[in-house]
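> Fold the following.
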Amino acid sequence: MSIVLQFQDISKSFGNRRLFDDATVSIAEGQKIGLIGANGSGKTTLMRMILGQETLDGGSVNLHPNTRLGYLEQNEVFPPDETVTDYLVRVSDREPWECAKMAGAFEIKKEKLEAKFLSLSGGYQMRVRLAGILVRQPNLLLLDEPTNYLDLQTVLLLEEVLRTYRGALLLISHDREFLKNVCTHTLELDNQKLTLFPGNVEAYLEFKEGRLEEARRYNKKIEAQRRHLQGFVDKFRAKASKATQAQSKMKQIDKLQTIEIAHSMRTVRIKITAPPQKKAVALECKDLSVGYSADKPVLEHIDFEINRGEHLAVLGENGQGKSTFLKTIAEQLPLLSGSFKWGYNLRVAYYAQHVPLMLPTIGSAGDYLVSASGRALPEDLLRMASNFLFTKNDLEKPISVLSGGERARLCLAGICLGRYDVLVFDEPTNHLDFDTVEALGEALSEFEGTIIFVSHSRTFVSQIATSILEIKDGRAKRYPYPYEIYVYELKTHEKFTLEEDEKPIVEGTIPYMRTKVDIFGDIQQTKNGLKRLEHDMEALTKEKNSILQYFVEHPTPPNVQKAKRLKELDEQILARESDWIKSQESLETLKKEMKTAEAS
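As a prediction, this is how the structure comes out:
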């Protein structure tokens, strides 16, 4: 396997901050590598070094003479009248039929090939740009957060294309699911070094945790030996007969060295506190229409409500109106018709891509967090700032000098400190590193308040969402199944329903293959049956205990009717217990069937 790229003893610093110190790694043809590391560790700088856009302080970046680079240009120019086909031919210098074939992999076909590039939605423009890169047939592809701003459908298409791509790939992404499904290797940038692991991100993190645990056990053993030897020295060094032995033990102590444990990714733990929650409706929409023109609404006839404490993921392709809907309910955009109503006295926080630009232009980052946090304790404020990668020195920076990513993180930190009842988030994970995204997802999943959010990161959505609002064809409606089923349907382009009494059977001798949706329906039905049985057993047991208490309080005369009822209750409870055991066994079988279906 030939080498397409090699980093040889590279060093790089920005002021006092050192990113690389004699880091070395080689990338071979066909390796699909996920590049991970904390925000600011130097991942994008590494990409820029490959492209020759960033100088090195030492070492070298060596591209093989036959290496053909493919990467997304940051500042491409698009002529106003250029069609999709014209763009693909221009950037690739390939025949139109070759361009059309690659575009087809991203479901850009027929009339879309002749559409003007600039008339397409942002998601479709990205599809075209990715097709333009791949049709050139690069053997080393560089992608820095390619899924940012992409809808889930496009992410799944990109994932499938990258899986079949035969060249080498260096990919930065905060979506663990995307990394896991695409990459065969993991490259971690940490402590100014590069470590390449022959496995995906899940395997690497498991391996790394195993190494850390092994190092912890070793250090614990060494410390125990030190204490034992030191005890001997302390006890016998003053005795002449034992002095020589004590000196020997001291030399042994000096030789005992523990393993230095350098934690690779920051251990982030975010806590978001919500005020006490009541059981009530959080948001009610009635015949709501949203958009920018009454003549042409983006979404209309929206009718639904969500309860307090729900975590609602708003899903759909780019350009369908997800952000427009969020802007409207956050009162950033006037509604066109109908109505929406928040629950009584709810405090609503809104975060979108433009919100960080609206931060105050005066004052420091620390001043903003103090004003946004309300009654937060200073230690809580500093902890939250640290979770979003702000040091004490960073908090002293004027807001006016912060980068776009820093403003976004500052805004999120302020919201997380603000004790809001409702969080309305539009793509909150952009500009966050891998570890912070997962910590934020975990914190939001534990958040007791209401969340309405848009995100195209599958890992993030699956962590948080308890329900789904699907935006499609100018309508918004509740999606009845869990998020994993939604992703499955997008992958297979199939739609199913659990509401039919009978499942269709394929004609002929081929048996009907049960889908994940079929199995999920049976699991839900079985779980509901178990709940009913448990409720019945609880009620019957309560009645039985009441009768037993009666007999304790009234031992005579015997109550024949209650004694008869007690016998009936025993029989009914026994029957319910038997049914519960059978249902539990059925549930375990269904779960195994679901695992098999997911693996196939």
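
> So this structure: which segments form each domain?
Split into domains by automatic domain parsing, the chain comes to 3-200, 204-255, 281-492, 516-599.

> can you tell me which of those the model trusts least?
Ranked by mean pLDDT, the domains of the chain bottom out at domain 204-255, with a mean of 66.

> And the closest residue to Lys516 other than its chain neighbours, how far from Val370?
Excluding the flanking residues, the one nearest Lys516 by Cβ to Cβ, 6 or more residues apart in numbering is Ala597, at 4.9 Å. Yep, even glycine has a C-beta here, placed from its N, CA and C like the rest. To Val370, Ala597 is 52 Å away according to Cβ to Cβ, to the nearest Å.

> Arg475 reaches Asp303, doesn't it?
No - Arg475 is not in contact with Asp303 according to Cβ atoms under 8 Å; the separation is 9.9 Å.

> Need phi/psi at Phe178.
With angles defined as degrees, to the nearest 10, Phe178 sits at phi -60, psi -50.

> what sits against it?
By Cβ atoms under 8 Å, 6 or more residues apart in numbering, the contact set of Phe178 is Thr147, Val155, Glu159, Ser457, Arg458, Thr459.

> ok, the fourth one touching Leu432?
The reference is to Ser457. No - using Cβ under 8 Å, Ser457 makes no contact with Leu432, being 9.8 Å away.

> Tell me the residues that contact both of these two, please.
Taking Cβ under 8 Å, 6+ apart as the criterion, Ser457 and Leu432 both touch His174.

> Tell me which of these two has more neighbours.
Legend: neighbour count by other Cβ atoms under 10 Å for Ser457 and Leu432, higher for Ser457 (26 against 23).

> could you pull out the strands for the stretch 351-500 of the chain?
Taking DSSP state E, counting those that start in this stretch to define them, one finds strands in the stretch 351-500 of the chain at 422-426, 450-454, 467-472, 475-479.

> which residues sit in contact with Ser583?
Thr526, Gly529, Leu530, Leu533.

> one more time with 10 Å
Shown in contact with Ser583 (Cβ atoms under 10 Å, 6 or more residues apart in numbering): Gln525, Thr526, Lys527, Asn528, Gly529, Leu530, Arg532, Leu533.

> Next one: it from Ala575, what distance?
When Cβ to Cβ is applied, the distance between Ser583 and Ala575 equals 13 Å.

> Name the residues contacting each of the two.
In contact with both Ser583 and Ala575: Leu533, using Cβ under 10 Å, 6+ apart.

> and the strands of the stretch 351-500 of the chain as JSON lines, adding distance to Thr515?
Listed next are the strands of the stretch 351-500 of the chain as JSON lines, based on distance: least, Cβ to Cβ, whole Å:
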{"stretch": "strand 422-426", "distance to Thr515": "32"}
{"stretch": "strand 450-454", "distance to Thr515": "27"}
{"stretch": "strand 467-472", "distance to Thr515": "18"}
{"stretch": "strand 475-479", "distance to Thr515": "16"}
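
> can you map out the helices along the stretch 151-300 of the chain?
In the stretch 151-300 of the chain, the helices defined using DSSP state H, counting those that start in this stretch lie at 152-164, 176-182, 201-236, 243-255.

> other SSEs contacting the first one?
Counting contacts by 3 or more Cβ pairs under 10 Å, 6 or more residues apart in numbering; DSSP states H and E, helix 152-164 packs against helix 96-105, helix 122-134, strand 140-144, helix 176-182, helix 458-464, helix 483-492.

> Between the ones you listed, which one is closest to His64.
strand 140-144 (8.7 Å; Cβ to Cβ).

> and the longest helix anywhere in the chain with helix 483-492, angle?
With secondary structure taken from DSSP state H, the chain has its longest helix at helix 560-599. Counting by axes from the mean of the first three to the mean of the last three Cα atoms, to 10 degrees, helix 560-599 lies at 40 degrees to helix 483-492.

> And helix 560-599, what's buried?
Neighbour-count burial for helix 560-599 flags 566, 569, 572-573, 576, 579-580, 583, 586-587, 590, 593-594, 597 (criterion: 16 or more other Cβ atoms under 10 Å).

> now do stretch 291-304
Residues of stretch 291-304 classed as buried: Gly291, Pro297, Val298, Leu299, Glu300, His301, Ile302, Phe304 (neighbour count, 16+ other Cβ under 10 Å).

> Okay, and which of these map to strands?
Among the buried residues of stretch 291-304, the members falling in strands (DSSP state E) are Leu299, Glu300, His301, Ile302, Phe304.

> isn't the last one right up against Cys285?
In other words, Phe304. Yes - with contact defined as Cβ atoms under 10 Å, Phe304 reaches Cys285; the gap is 5.7 Å.

> so what's in contact with the two at the same time?
With contacts taken as Cβ under 10 Å, 6+ apart, Phe304 and Cys285 have Phe340, Leu469, Ala476 as neighbours in common.

> Out of those, flag the one nearest to Glu489.
Nearest to Glu489 among these: Leu469, at 15.4 Å, using Cβ to Cβ.

> I'd like the shared contacts of Phe304 and Cys285 as TSV, with neighbour count appended.
Output for the shared contacts of Phe304 and Cys285, formatted as TSV (neighbours: other Cβ atoms under 10 Å):
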residue	neighbour count
Phe340	19
Leu469	22
Ala476	23
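
> of all the residues you listed, which comes closest to Leu205?
Set against Leu205, the nearest of the shared contacts of Phe304 and Cys285 by Cβ to Cβ is Leu469 (32.0 Å).

> Not counting sequence-adjacent ones, nearest residue to that closest one?
According to Cβ to Cβ, 6+ apart, the nearest residue to Leu469 is Val314 (4.8 Å).

> ok, back up a step: of all the helices and strands packed on helix 152-164, which one is nearest Gly167?
Proximity of the helices and strands packed on helix 152-164 to Gly167 was assessed by Cβ to Cβ; the nearest stretch is strand 140-144, lying at 5.9 Å.

> Between helix 122-134 and that closest one, find me the angle.
Using the same axes, to 10 degrees: strand 140-144 against helix 122-134 is 160 degrees.

> report the angle between the axes of strand 140-144 and helix 152-164?
Angle, strand 140-144 to helix 152-164, by the same axes, to 10 degrees: 150 degrees.

> still on that earlier bit, just send the helices and strands packed on helix 152-164 back as a markdown table, with distance to Leu205 too.
A markdown table is the format used below for these (distance: least, Cβ to Cβ, whole Å):
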| stretch | distance to Leu205 |
| --- | --- |
| helix 96-105 | 31 |
| helix 122-134 | 27 |
| strand 140-144 | 21 |
| helix 176-182 | 9 |
| helix 458-464 | 13 |
| helix 483-492 | 21 |
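
> Point out the one among those that comes closest to Ala408.
Closest approach to Ala408 among those is made by helix 458-464 (15.0 Å; Cβ to Cβ).
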